[in-house]
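# Here is the input, now give the coordinates:
(chains A and B)
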Amino acid sequence: MPGEEIKGHLDALLLAVVAEGPVHGYAALERLRERSGGRFDLPEGTLYPALHRLEADGLLRSRWTTVGGRRRREYEVTDRGRAELGERAADWRRFAAAVERVLAAVATGTRRGAAGGAG
Amino acid sequence: MIIDYLADLLDELRLPQRRAQRILAEVEDHLACAAAELHAEGLAAAEAEREAVKRFGPAAELARSFAEQEAALSSRRTARATVALALLFAFLVLGSPAPTLAGFPVGLLAFVLAQVAVVAGALTLVRAWRGPGGARLVLILRGSLVVICCAACTVACAAIAGAVRGGPSLGGWIALATIALGTAGTAVALAKSWGRARIAGAAKRIDTADDALADIEAVTMTALEQLGRRVPGLKRACAHGAQFVRVVSARLRWLDLRRHPWRFAVAVALSAGLAGAVGHGLTEGGIPTHHLLRALLGGAIITAIEAAAALLGFALLGNYLGIRRRTTD
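The predicted model follows:
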């Protein structure tokens, strides 16, 4: 369930895609889908409460633009949002590295076990 | 199809008009983009709109998310107003160099209620900082209500006593008017927040595993972690601080609020009582050595009154303010 998978990481992922450059909601979703190779295909309506929450927290700001006669809300990351993104990315890398080390030990153990069984 | 969806969403959104209009415009743009892309991929126009709406999710669910968010934002605003009111109230009653609400019984009542307001205000601040998710939203609103009631009760009693007995000084009346204004403003903010919480269905959500101690621990840990990140020079000290908090919470099991709430309450009440007696002694010019017995007796009376007030407050408001869990395990 991709929607469930990114629960708890959605804010960081949105900050990351918006940090690439000013973007409206639909395009942010497209970027998220592309960067994740189609894995993060969340229910589209869940995007807007998250964007609004990030804006209320001062991590994003937004303004109206007009494209093809249609009003469009464009989001960009604030300085605070950029700092927050840096912290979250660093946290995630530390976490992922720790998980990787644990799983690598399991993989090594499995190989050793397989080698022992064969010998 | 998109028009129907937007009409449904408009019906479901119970938000301030400006916010609802912004959401509708964003959703309309999103659905139009999605439908155009699906149409370009080969779907018929009507089918593309239907698919775009399906992928977007039910209007009621989206409206509920926004209602919850609005309730959380509103409760944060109320929490800020509440903390400001509690500080103002406490300063005018407890901290002002020339107390404006003195004398018996109004002075004593204001003295006790200001302390209740400080505790409720501090809990509201901690919970708002931690984030008004889940049951904390209700506890923030309850904390706010308690602060408002304490301030309003003091103002009403002082005004009645003033009218009957000739009234406080001009400074006293100004202090009362300031508290009354702050109370009215906070009450308006609280009424709005409670309305938002009802709409979001969060007004009755009080089942929480957290008590006040869990909130305070979480906020202390977050504060130390953030301080350590922002000031690299303090990183080690903050890590030691966090470790110290963990060790202290583990060592003080015999005083654990969760396992022994009344033991905890008695300890806090006695500490508050002693602090009150010492504070009174210091403001009166220290211990009079030639009237030591009288001073000790006075200190004991103040300690007893303060401790009794703290215990009474815990009994009456402990559950309501979420200081302790409703059920013990």
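
# dump the residue contacts of the spatially most central residue of chain A.
Chain A has residue A:13 as the residue nearest its centroid, 1.8 Å off, counting by CA atoms, centre = their mean. Contacts for residue A:13 (CB atoms under 8 Å, 6 or more residues apart in numbering or on different chains) come out as A:6, A:32, A:40. To be clear about C-beta, it is placed using only N, CA and C from the backbone, and glycine gets the same treatment.

# Kindly indicate which of those residues lies nearest residue A:101.
residue A:6 (23.3 Å; CB to CB).

# show me where pLDDT drops low in chain A?
A:1-5, A:107-119 (pLDDT under 70).

# and the lengthiest helix in it, does that touch chain B?
Assignment by DSSP state H gives helix A:79-118 as the longest helix of chain A. Yes - contact between helix A:79-118 and chain B, assessed by CB under 8 Å from any CB of the partner chain, occurs at residue A:87.

# how far out from the middle of the chain is that helix?
Centroid separation for helix A:79-118 versus its chain: 17 Å, with CA atoms, centre = their mean, to the nearest Å.

# Give me the helices and strands touching that helix, please.
Judged by 3 or more CB pairs under 8 Å, 6 or more residues apart in numbering or on different chains; DSSP states H and E, helix A:79-118 is in contact with helix A:10-19.

# and the helix it packs on with helix A:79-118, angle?
Compare the direction of helix A:10-19 with that of helix A:79-118 by axes from the mean of the first three to the mean of the last three CA atoms, to 10 degrees and you get 120 degrees.

# Next secondary structure after helix A:10-19?
The first helix or strand that comes after helix A:10-19 along the chain, using DSSP states H and E, is strand A:23-24.

# For residue B:324, list the residues it contacts.
So residue B:324 contacts B:211, B:212, B:257, B:258, B:261, B:318 (CB under 8 Å, 6+ apart).

# how much space between it and chain A?
29 Å (CB to the nearest CB, to the nearest Å).

# How about that residue: what's its closest non-neighbour residue?
Nearest residue to residue B:324, sequence neighbours excluded (CB to CB, 6 or more residues apart in numbering or on different chains): residue B:261, at 4.6 Å.

# Repeat that for residue A:6.
Residue A:6 sits nearest to residue A:40 (CB to CB, 6+ apart), 5.4 Å away.

# three-state assignment of the one you found?
Assigned by DSSP: H, G, I helix; E, B strand; the rest coil, the conformation of residue A:40 is coil.

# Then the one 5 residues further on?
For residue A:45, the reduced secondary structure class is helix; criterion used: three-state DSSP.

# who are the neighbours in contact with it?
B:27, B:56, B:57, B:58, B:61, B:62, B:65.

# give me that answer again for 6 Å
B:56, B:57, B:62 (CB atoms under 6 Å, 6 or more residues apart in numbering or on different chains).

# contacting residues for the last one?
Residue B:62 makes contact with residue A:45, according to CB under 6 Å, 6+ apart.

# 7 Å - rerun?
A:45, B:9 (CB atoms under 7 Å, 6 or more residues apart in numbering or on different chains).

# Could you pull up phi and psi at it?
In terms of degrees, to the nearest 10, the main-chain angles of residue B:62 are phi -60, psi -40.

# Please tell me how far it sits from residue A:46.
Relative to residue A:46, residue B:62 is positioned 8 Å away (CB to CB, to the nearest Å).

# Could you do the second one as well?
Between residue B:57 and residue A:46 the distance, using CB to CB, works out to 7 Å.

# same check, this time on the first one
As for residue B:56, its distance to residue A:46 is 9 Å (criterion: CB to CB).

# and if you look at residue B:14?
From residue B:14 across to residue A:46, the span is 19 Å (CB to CB).

# If you count surrounding residues, which of those two has more?
residue A:46 (18 against 15; other CB atoms under 10 Å in any protein chain shown).

# Now render the contacts of residue A:45 as CSV, adding distance to residue A:68 and pLDDT.
Formatted as CSV, the contacts of residue A:45 follow (distance: CB to CB, whole Å; pLDDT from 0 to 100):
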residue, distance to residue A:68, pLDDT
B:56, 20, 92
B:57, 25, 90
B:62, 25, 93
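
# Out of those, the closest to residue A:61 would be?
Lowest distance from residue A:61 to the contacts of residue A:45 (CB to CB) belongs to residue B:62, with 22.3 Å.

# ranges for the strands of chain B?
Counting by DSSP state E, chain B has no strands to list.

# Next one, pLDDT for the most centrally placed residue in it please.
For chain B, the residue nearest the mean C-alpha position is residue B:124 (1.5 Å; CA atoms, centre = their mean). At residue B:124, the model reports a pLDDT of 92.

# again, but for the one 5 residues further on
Residue B:129 is assigned a pLDDT of 86 by the prediction.

# And for the one 3 residues further on?
The model reports residue B:132 with a pLDDT of 74.

# The spatially closest residue to residue B:49 that is not a sequence neighbour: neighbour count?
Nearest residue to residue B:49, sequence neighbours excluded (CB to CB, 6+ apart): residue B:1, at 4.0 Å. By the criterion of other CB under 10 Å, residue B:1 has 17 neighbours.

# what does residue B:234 give?
For residue B:234, using other CB under 10 Å, the count is 14.

# Might you report the residue contacts of residue A:21?
Contacts of residue A:21 by CB under 7 Å, 6+ apart: none found.

# Same check on the one 10 residues further on?
By CB under 7 Å, 6+ apart, residue A:31 lies in contact with A:17, A:20, A:23.

# of the residues you listed, closest to residue B:38?
Nearest member of those to residue B:38, counting by CB to CB, is residue A:23, at 20.1 Å.

# The stretch 1-150 of chain B: helices as residue ranges?
Taking DSSP state H, counting those that start in this stretch as the criterion, the stretch 1-150 of chain B carries its helices at B:2-12, B:17-40, B:45-56, B:59-90, B:106-130, B:136-165.
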